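1. Sequence first, then the predicted structure:
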Amino acid sequence: MSAAKKYTLLTIAAIFLIACCLRTPIVSMGPLVKMIQADMGSGSTLMGIIGTVPVLVFAFCSPFAAPLARRFGFEEVLIGALLALVAGILLRTAGMSPMLMLAGTLILSVGIAMGNVLVSGVIKRSLPSHVGRFTALYSVTMSLTAALSAAVAVPVAQRVGWQMSLNMWVLPVMLALAVWLVLRVKQGHRPVAGVAEQELVVSVWRNKLAWAISILMGMQSLLYYTFSAWLPTILADRGVSADEAGYYAMLMQMAALPAIFCVTTFSMKMRNQRLLVLSVTFLSLIGMAGLWLLPYATALWVFCLGAGVAGTFTLCLLLFVQRTDSAAEAAMLSGMAQTVGYLLAATGPVGAGWLFDKTQSWNMALAVMTMLMLVKCACGWYCARPVTLREAAGIKKG
């Protein structure tokens, strides 16, 4: 086997392994909230704040990922991100303290934020002729490992404690760290080429289409992180067992697979994507309304929510490319969408927890989320127009 092929395989393994680490530390906590609250005596609002920390960190850190990669290199920043994940995972269970859990969640969220932004750049740089294929591998791997973490969280916690159930996800992180260290040695230091950031930021932040894409990203992120944090608890309060609630959380993650496949397949073949966009955004609306008003068909509504969220997320990734005219514009749009999107998403977990504490029912939170899905549908309709940011701003090509 040639050295180039070995390096390519090592890169694929590194991407696969880091994808295994970017959702599991957060998703695995949702099914364990009841156990953690019982042991720590924490209220729903406090747990909602802990659930909100990741999206706030993502919003704050996302703009810094590309400059750090330009200064230090992709591999160096991602190795630092994996070290942060190791430290954060272990710190949040170091004692029976909500403050330690909060601090650990903050640290691991910094690592996830760096990975979220930079892995796609590694794919584009190292696997330029297979960007679509390995972006799909990256997305599917995150969904599968997130589903697994939701499914096994409660069974493992019942046998060895919720601390071990959370800590076991440090193992794939350490394996990923080892592979990225090897890749760093073979790759060497390769900073990212600079771009005229200030000019691009001003252009993107004043663009209506960019704002619509960012709000679309925010609505799907708000839905995803709120239900990653609270879905098992919502179902448990309706009489569903902890094990069964964990499996519903797994179903929500597994629903991503057909959605990713369908969106990736049809999006590249359709110039006007309004039918596709409306399909995936309406799935979220139907799932949310059904969970609120007709809770007895729980599996159907959870599947619709999972497929709608995953489909919208995949669409956002594609829109970053399809609605821009250069790699630099795509990077700036991605940074803006993640910053604005995660700031919007940050209101979800804490807001849902606060509404529950005030009303002692999840119905108000579900009603508000259903109304927000209408905003998501409207943004999706606007974003689906086959125009780029420059065309939307009235700037002619050439």
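-> Cool, the structure landed.
2. For the rest of this, base every contact and every neighbour count on C-alpha atoms.
-> Noted.
3. List the contacts of the nearest residue to residue 164 once chain neighbours are set aside.
-> Spatially, and ignoring its direct neighbours in sequence, residue 164 is nearest to residue 157 (6.9 Å; Cα to Cα, 6 or more residues apart in numbering). Counting by Cα atoms under 8 Å, 6 or more residues apart in numbering, residue 157 touches 32, 163, 164, 165.
4. Residue 157: which element?
-> Counting by DSSP states H and E, the element that carries residue 157 is helix 131-160.
5. how far is that helix from where the chain is centred?
-> 12 Å (Cα atoms, centre = their mean, to the nearest Å).
6. Give the next helix or strand downstream of the helix or strand hosting residue 10.
-> According to DSSP H and E, residue 10 maps onto helix 3-19. Per DSSP H and E, the first helix or strand lying C-terminal to helix 3-19 is helix 24-27.
7. Now that following helix: average pLDDT?
-> Average pLDDT, helix 24-27: 90.
8. tell me which strands and helices that helix is in contact with?
-> Judged by 3 or more Cα pairs under 8 Å, 6 or more residues apart in numbering; DSSP states H and E, the packing partners of helix 24-27 are helix 131-160, helix 208-237.
9. Remind me what the helix or strand that contains residue 329 packs against, helices and strands.
-> Assigned by DSSP H and E, residue 329 belongs to helix 327-345. Here helix 327-345 touches helix 44-72, helix 197-205, helix 208-237, helix 298-322, going by 3+ Cα pairs under 8 Å, 6+ apart.
10. out of those, nearest to residue 384?
-> Proximity to residue 384 (Cα to Cα) singles out helix 298-322 among those, at 8.7 Å.
11. who touches that closest one?
-> 213, 216-217, 220-221, 223-224, 248-249, 251-260, 263-264, 267, 277, 280-288, 290-291, 327, 330-331, 333-334, 388.
12. which regions of the stretch 1-150 of the chain sit below the pLDDT cut-off?
-> Along the stretch 1-150 of the chain, the parts satisfying pLDDT under 70 run over 1, 131-132.
13. hang on, isn't residue 122 packed against residue 74?
-> Yes: using Cα atoms under 8 Å, residue 122 is in contact with residue 74, at 7.1 Å.
14. Between these two, which is the more surrounded one?
-> Remark: of residue 122 and residue 74, residue 74 carries more neighbours, 24 against 16, as counted by other Cα atoms under 10 Å.
15. For the stretch 201-350 of the chain, give me the ranges with low pLDDT.
-> 201-203, 268, 271, 326-328, 331.
16. re the thing from before, quick one: contacts of the helix holding residue 10?
-> With Cα under 8 Å, 6+ apart as the test, helix 3-19 has contacts from 115, 119, 123, 126-127, 137-139, 141-142, 172-173, 175-176, 179-180, 183, 186.
17. How about stretch 107-123?
-> Stretch 107-123 is contacted from outside by 15, 18, 21-23, 25, 53-55, 57-58, 61-62, 65-66, 69, 74, 77-78, 80-89, 131, 134-135, 335, using Cα under 8 Å, 6+ apart.
18. which of those residues count as buried?
-> 15, 18, 21-23, 25, 53-55, 57-58, 61-62, 65-66, 69, 74, 77-78, 80-89, 131, 134-135, 335 (16 or more other Cα atoms under 10 Å).
19. which residues touch residue 98?
-> 40, 42.
20. Which residue comes closest to residue 261 once chain neighbours are left out?
-> Residue 261 sits nearest to residue 136 (Cα to Cα, 6+ apart), 8.0 Å away.
21. can you tell me which of the helices and strands packed on helix 327-345 comes nearest to residue 381?
-> Here helix 208-237 is closest among the helices and strands packed on helix 327-345 (Cα to Cα), at 9.4 Å.
22. Could you tell me the angle between the very next helix or strand once past that closest one and helix 208-237?
-> Per DSSP H and E, the first helix or strand lying C-terminal to helix 208-237 is helix 242-254. Using axes from the mean of the first three to the mean of the last three Cα atoms, to 10 degrees, the direction of helix 242-254 lies 160 degrees away from that of helix 208-237.
23. after helix 242-254, next one along is what?
-> With elements assigned by DSSP H and E, the helix or strand that comes after helix 242-254 is helix 256-267.
24. Can you list the buried residues in whichever helix or strand comes after that next one?
-> Counting by DSSP H and E, the next helix or strand C-terminal to helix 256-267 is helix 274-293. Buried residues in helix 274-293, counting neighbours by 16+ other Cα under 10 Å, are found at 274, 276-292.
25. How far does helix 274-293 sit from its chain's centre?
-> Remark: helix 274-293 is offset 19 Å from the chain centroid, using Cα atoms, centre = their mean.
26. Compute the distance between the nearest residue to residue 264 once chain neighbours are set aside and residue 149, please.
-> Leaving aside its sequence neighbours, residue 264 sits nearest to residue 314 (Cα to Cα, 6+ apart; 7.3 Å). Residue 314 is 21 Å from residue 149, where distance means Cα to Cα, to the nearest Å.
27. what do you get for residue 111?
-> 18 Å.
28. domains for this structure, by residue range?
-> 1-194, 196-389 (automatic domain parsing).
29. Now, of the contacts of residue 157, which are buried?
-> Neighbour counting by 16+ other Cα under 10 Å classes 32, 163, 165 among the contacts of residue 157 as buried.
30. With secondary structure added, can I get those in JSON lines?
-> Shown next, in JSON lines, are the buried ones among the contacts of residue 157 (DSSP: H, G, I helix; E, B strand; the rest coil):
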{"residue": "32", "secondary structure": "helix"}
{"residue": "163", "secondary structure": "helix"}
{"residue": "165", "secondary structure": "helix"}
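31. Closest one to residue 205 out of those, please.
-> residue 32 (39.0 Å).
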